[in-house]
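[1] Pasting the sequence and the predicted coordinates here, then a few questions.
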Amino acid sequence: MSLTVRSAVAEDEQDVVALWRACGLVAPYNDPVTDFRFAKAGPSSDVLVGVDDAGELAGGVMVGHDGHRGWLYYVAANPASRGTGVGRLMVRAAEDWLRERGIWKVQLLVRDTNTQVVGFYEHLGFEVSPRVVMSRVLETTSKSEVA
Ligand SMILES: CC(C)(COP(=O)(O)OP(=O)(O)OC[C@H]1O[C@@H](n2cnc3c(N)ncnc32)[C@H](O)[C@@H]1OP(=O)(O)O)[C@@H](O)C(=O)NCCC(=O)NCCS
């Protein structure tokens, strides 16, 4: 499939959120609209989209870095386009975005309900890292309060 990968613009927001929902990527504790706008707002993160010749959204990825490591979120291929290289293209585009900013290692989290996707990432050269991920909700600094 021939796709153009570009940085998402505000007009893409609705389609991107619909894609994330169609791909089962929206968790109840995440507001995807806030996530989209927050990622677009700063210099250390972006949302990339893959658009076909008809202008339809075929894939997307949220990419960013924290000054040390690069992270991927919302890696998505439109269900109608699966198995045609869209997912690979989005991951590679995000990796290029990170490389251009001097980041040499990329990481991502896979939910324990989505482990079937591990094979996809391994196919692209990722390895499962033996780490314990710890997190805590910061009650007073939610994205909606700072946006
Ligand atoms: C994961 C996802 C992005 C893959 O997109 P895709 O466009 O179907 O994948 P591609 O066609 O680019 O696949 C690239 C390669 O990985 C392989 N592959 C794809 N899914 C795989 C899987 N689950 N296990 C093993 N290999 C897989 C393909 O066969 C292809 O191999 P090839 O290049 O040798 O032919 C897509 O299935 C998706 O959107 N899933 C729902 C959202 C999701 O779970 N995202 C990840 C959150 S962590």
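    Nice, thanks for sending it over. All figures in this text were calculated on a predicted structure; none of them were measured in a lab. Numbering: from 1, shown residues only.
[2] for the ligand, what are the nearby residues on the chain?
    23, 25, 75-77, 82-88, 108, 110, 114, 116-117, 119-120, 123 (Cβ under 6 Å from any ligand atom). In short, each C-beta sits where N, CA and C put it, glycine included.
[3] Buried only: go through these for me.
    Buried members of these, counted by 16 or more other Cβ atoms under 10 Å: 23, 25, 75-77, 85-87, 108.
[4] can you give me the helices for this structure?
    13-22, 32-41, 86-99, 118-123, 143-146 (DSSP state H).
[5] just checking, what packs against the longest one?
    Right, the one you point to is helix 86-99. On a contact count with 3 or more Cβ pairs under 8 Å, 6 or more residues apart in numbering; DSSP states H and E, helix 86-99 meets strand 4-7, strand 45-51, strand 57-65, strand 70-77, strand 106-108.
[6] where does the chain dip in pLDDT?
    1, 141-147 (pLDDT under 70).
[7] please redo it, this time with the cut-off set to 80
    Applying pLDDT under 80 to the chain picks out residues 1, 140-147.
[8] related to what we said a few turns ago, let me know which of the helices of the chain is tucked in deepest.
    helix 86-99 (a mean of 19; mean count of other Cβ atoms under 10 Å).
[9] Alpha carbons of that helix, as PDB, please.
    Only the C-alpha atoms of helix 86-99 are listed here, as PDB (Å, rounded to 0.1, in the frame of the first residue of the first chain):
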ATOM      1  CA  VAL A  86       0.900  -0.200   7.600                       C
ATOM      2  CA  GLY A  87       1.900  -1.100  11.200                       C
ATOM      3  CA  ARG A  88       5.500  -1.500  10.200                       C
ATOM      4  CA  LEU A  89       5.500   1.800   8.300                       C
ATOM      5  CA  MET A  90       4.100   3.700  11.300                       C
ATOM      6  CA  VAL A  91       6.700   2.100  13.700                       C
ATOM      7  CA  ARG A  92       9.500   2.900  11.300                       C
ATOM      8  CA  ALA A  93       8.300   6.500  10.900                       C
ATOM      9  CA  ALA A  94       8.200   6.900  14.700                       C
ATOM     10  CA  GLU A  95      11.700   5.500  15.000                       C
ATOM     11  CA  ASP A  96      12.900   8.000  12.300                       C
ATOM     12  CA  TRP A  97      11.300  10.800  14.300                       C
ATOM     13  CA  LEU A  98      13.200   9.700  17.400                       C
ATOM     14  CA  ARG A  99      16.500   9.300  15.600                       C
END
